[in-house]
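J.: here is the input, now give the coordinates:
(2 chains)
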Amino acid sequence: MRVLALLALLLGTFTVSAPRPAGAEVVRVAEFLADCPFSHRLPDDPIIFPGLPGASHMHSFFGSRVTNAYTQLSDLQNGATNCNPAVDRSSYWVPTLYQDGAPVEPAIVTFYYLGEGVRDDIIARIQALPLGLRIVAGNAKATAPDDSTISRWSCLHAGHVGASKDFVNCPSGTMLESYLDFPQCWNGRDLDSADHKSHMAYPVAGACPSTHPVPVPKLRQVIRYPVSGDPSHFRLASGAGFTMHGDFFNAWPADEMERRVRDCIRPIIKCGADGRPS
Amino acid sequence: MRWFALLLAGVVLLGCSAKEPPEAARAAPAGDGTFTTTDVAWLQLADALHARALPLLELAPERADSRSLTRLAARLVKEHAAGRGRLRALLARAGVTEENPHTQHDMPGMPTAGDLQEAAGLRAGAFDRRFAALLRTHLEQLVRVADGERGSGGQAEVRGLAAAMAREHAADLAELERAAAA
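T.: Okay, here's the model as predicted:
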């Protein structure tokens, strides 16, 4: 009887903790993360318009509390952060979302660092994102959703709505959410580039292209806004939903990033914010 | 000796791999002729702002009630065209030849398609008020970003042009206020 109860308990545990394909005994996901809530809003962009305050459309900043038009790596390294873990001094920002003209800030903001997107043998040799790296993902200047639109909108707790390149109509009581994957292949040389994109590339058929041979963790930005309903009430500071984009300025201490890549990403282990198996 | 050579090689390697062009460019705004990321960002943004104001300025002759507003608009069409020429000449010198990434995109200080459509439907006093408001926003943004380049830019000629444009557009704003008040 006690054996049966134990077995039931084990089975119960199994079904709860393993939502992945049947037969998988452990969750094989190469992942660590940082939860970094809303910090502040400014019409600044230290990547696109460095030194030019007020030049940009409105941005909502996450993580570093100090980011403005003048921000350089040392400012992030010496500044405060609201990230969990607090060792992540990086800055992340997106165009501000407006509902009927009023800014809406997200309730949940998570930055996942993932191995997925390249073959397992390539995951095994992923390198840490270099300190000071700047990446812009998505297209702020898009005039229509097309094949190049990377970002997706969906609803938290309403998967049946499906993902879209533009805003979606989320049922009352659910949250509008935005997903954006950053490119995960680096040219191995530049921390930024003239268009702020061409030093990075997306993988092709599970491998990094020869022009961008260094595989790095894929940053996946997941943002949940406490709004739902008719998307005609929403706009981004950069325009329609398909103009969603994300900016990342890496200020993780090199040793903290390296440890997570070694312990979570390369061996394909799911870690939490502390970079330990979760 | 071999140990020393290894150390030397290590130092040289480190020196090479620590190459950070944008960071270095930003940290050293020396007037040595090198165009920094701030210089290029300002040149492109100012060029796009100037270009996007032209359709607004061209609405004035047929719609404005105030003759001083019409005169200012006509003068700004020429000033903006000349300004664009100087901005684009420096962009070419900086080796930036691709299409301006900001021209097709609504940025602060640019009248949008909706703004233009609305203003085009107005006449006389109603047009003057709307036109003055849109032009004020535009000129204020030009002054703001020129001030940014003046303070944070690198290349001496670009900073010089920014200083000249900040003065020019501040004078334009003063003239706009006089015209709007008349």
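J.: any idea how far chain A is from the spatially most central residue of chain B?
T.: The centre of chain B sits closest to B:A46, judged by Cα atoms, centre = their mean, with a distance of 1.5 Å. Using Cβ to the nearest Cβ, to the nearest Å, we find B:A46 at a distance of 10 Å from chain A. Every C-beta, even on glycine, is put in place using the N, C-alpha and C of the backbone.
J.: also B:P101?
T.: 6 Å.
J.: count the neighbours of that residue for me.
T.: Residues lying near B:P101 (other Cβ atoms under 10 Å in any protein chain shown) number 15.
J.: and the one 5 residues further on, by the same measure?
T.: Residues contacting B:D106 under the criterion other Cβ under 10 Å number 19.
J.: what's the answer for A:P267, then?
T.: For A:P267, the tally of surrounding residues (other Cβ under 10 Å) stands at 13.
J.: which phi and psi does it have?
T.: Dihedral angles of A:P267 (phi, psi; degrees, to the nearest 10) stand at phi -80, psi 0.
J.: per-residue confidence at it?
T.: Looking at A:P267, its pLDDT stands at 97.
J.: how about A:V27?
T.: Reported pLDDT at A:V27 in the predicted model: 69.
J.: returning to what we had before: does the residue nearest to the centre of chain B count as helix, strand or coil?
T.: helix (DSSP: H, G, I helix; E, B strand; the rest coil).
J.: assign the residue nearest to it when sequence neighbours are not counted to helix, strand or coil.
T.: Closest residue to B:A46 apart from its sequence neighbours, by Cβ to Cβ, 6 or more residues apart in numbering or on different chains: B:L87 at 5.5 Å. The three-state label given to B:L87 by three-state DSSP is helix.
J.: likewise for B:L54?
T.: With three-state DSSP as the basis, the three-state label of B:L54 is helix.
J.: that one contacts B:H80, correct?
T.: Yes. Here B:L54 lies in contact with B:H80, judged by Cβ atoms under 8 Å, at a distance of 6.3 Å.
J.: out of the two, which sits in the more crowded spot?
T.: B:H80 (20 against 14).
J.: which of the helices or strands spans the more buried one?
T.: In the assignment (DSSP states H and E), B:H80 maps to helix B:67-93.
J.: dihedrals phi and psi, the nearest residue to A:R125 once chain neighbours are set aside?
T.: With Cβ to Cβ, 6+ apart as the criterion, A:R125 has its nearest non-adjacent residue at 6.7 Å, and that residue is A:P215. With angles defined as degrees, to the nearest 10, A:P215 sits at phi -70, psi 130.
J.: ditto for B:Q117
T.: Dihedral angles (degrees, to the nearest 10) for B:Q117: phi -60, psi -40.
J.: and what of the one 5 residues further on?
T.: The phi and psi torsions at B:L122 (degrees, to the nearest 10) take the values phi -100, psi 160.
J.: now do the spatially closest residue to B:S152 that is not a sequence neighbour: how many residues are near it, please.
T.: Nearest residue to B:S152, sequence neighbours excluded (Cβ to Cβ, 6+ apart): A:G51, at 2.7 Å. Neighbours of A:G51 under the rule other Cβ under 10 Å: 25.
J.: and A:G51, which of the three is it?
T.: coil.
J.: wouldn't it be in contact with B:D147 here?
T.: No. Using Cβ under 8 Å, A:G51 makes no contact with B:D147, being 10.6 Å away.
J.: my guess is A:R28 contacts A:P267. True?
T.: No. Between A:R28 and A:P267 there is no contact under Cβ under 8 Å: 9.6 Å.
J.: hang on, the earlier thing: give me the distance from the helix holding B:H80 to the chain's centre.
T.: 12 Å (Cα atoms, centre = their mean, to the nearest Å).
J.: what packs against it?
T.: Helices and strands touching helix B:67-93, as assessed by 3 or more Cβ pairs under 8 Å, 6 or more residues apart in numbering or on different chains; DSSP states H and E, comprise helix B:37-57, helix B:60-63, helix B:124-152, helix B:156-181.
J.: okay, angle between the last one and helix B:124-152 too, please.
T.: To tie it back to what came earlier, the one meant is helix B:156-181. Angle of helix B:156-181 versus helix B:124-152, following axes from the mean of the first three to the mean of the last three Cα atoms, to 10 degrees, is 160 degrees.
J.: give me the buried positions along helix B:156-181.
T.: For helix B:156-181, the neighbour count (16 or more other Cβ atoms under 10 Å in any protein chain shown) marks B:157-159, B:161-163, B:165-166, B:168-170, B:172-173, B:175-176, B:179-180 as buried.
J.: got the angle between that helix and helix B:37-57?
T.: In terms of direction (the same axes, to 10 degrees), helix B:156-181 departs from helix B:37-57 by 30 degrees.
J.: mean confidence for helix B:156-181?
T.: pLDDT averaged over helix B:156-181 gives 96.
J.: for chain B, give me its nearest residue in chain A.
T.: Closest to chain B within chain A is A:G51: 2.7 Å, counting by Cβ to the nearest Cβ.
J.: quick one: secondary structure of A:A137?
T.: strand.
J.: thought it was touching A:D181?
T.: Yes. If you go by Cβ under 8 Å, A:A137 and A:D181 touch, sitting 7.1 Å apart.
J.: intersection of neighbour lists for these two?
T.: A:150, A:219, A:221 (Cβ atoms under 8 Å, 6 or more residues apart in numbering or on different chains).
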